[in-house]
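S.K.: Have a look at this prediction, sequence included:
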Amino acid sequence: MSLTQVPLRLATGAFILNSGIGKLGADEGTAQFLHGAAASTYPTFFKDMEPTKFARLLAWSEIGVGAALLAPMVPATVAGAALTGFGSSLVGMYLRTPSMTLDDGIRPSQDGIAVAKDVWLVGAGLTLMTQGISAAAKSGAKASRRALKKASPLPR
């Protein structure tokens, strides 16, 4: 983990981990609300799932994403991909729920402000992914140059 990633990974990881832990004990009403939102947005995946099972799945998914962001041994590319996927699902819910946007389908309504702001999760995830890919590319290029120097028949 690069030092420049620490603030981003701490802030997003702690927030998402806390959110997941908070959902572990979701009551029936909360589970039905969470399931209803997901099932109306992504019916193929969640329509037939029990609300309490969905709430548990969501809680453990958030805990997993949060832990991946906080764990320094998880590469930035992996943590970023998890965060991008999670954030994209929330942005998808926002864009697919008519009551969350104004008539233009983009700008948030009063009901959508809480979810529309989650677009920052996608940006943070993409930032981590590009930093991880960039670091791997630089590392690979250095290794290739070292290998070429070793293999060169020219005196050093």
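M.R.: Everything's here; your move. Numbers count the residues shown, from 1 in each chain.
S.K.: Just list the residues touching the residue nearest the centre of the chain, thanks.
M.R.: For the chain, the residue sitting closest to the mean C-alpha position, by Cα atoms, centre = their mean, is residue 83 at 1.5 Å. Contact partners of residue 83, counting by Cβ atoms under 8 Å, 6 or more residues apart in numbering, are 12, 16, 65, 69, 121, 124, 125, 128. C-beta here means a position set from N, CA and C on the backbone, and glycine is covered the same way.
S.K.: What residues sit buried inside the one helix or strand it maps to?
M.R.: In this structure, residue 83 is located in helix 76-96 according to DSSP states H and E. Neighbour-count burial for helix 76-96 flags 76-84, 86-91, 93-95 (criterion: 16 or more other Cβ atoms under 10 Å).
S.K.: Report the separation between the residue nearest to the centre of the chain and residue 68.
M.R.: Residue 83 sits 8 Å away from residue 68, going by Cβ to Cβ, to the nearest Å.
S.K.: Flag the helix or strand of this structure with the lowest per-element mean pLDDT.
M.R.: helix 119-151 (a mean of 82; mean pLDDT, DSSP states H and E).
S.K.: and the closest residue to residue 9 other than its chain neighbours, what is it in contact with?
M.R.: The spatially closest residue to residue 9, leaving aside those adjacent along the chain, is residue 69, at 4.7 Å (Cβ to Cβ, 6 or more residues apart in numbering). With contact set as Cβ under 8 Å, 6+ apart, residue 69 has these partners: 9, 10, 12, 13, 16, 17, 79, 82, 83.
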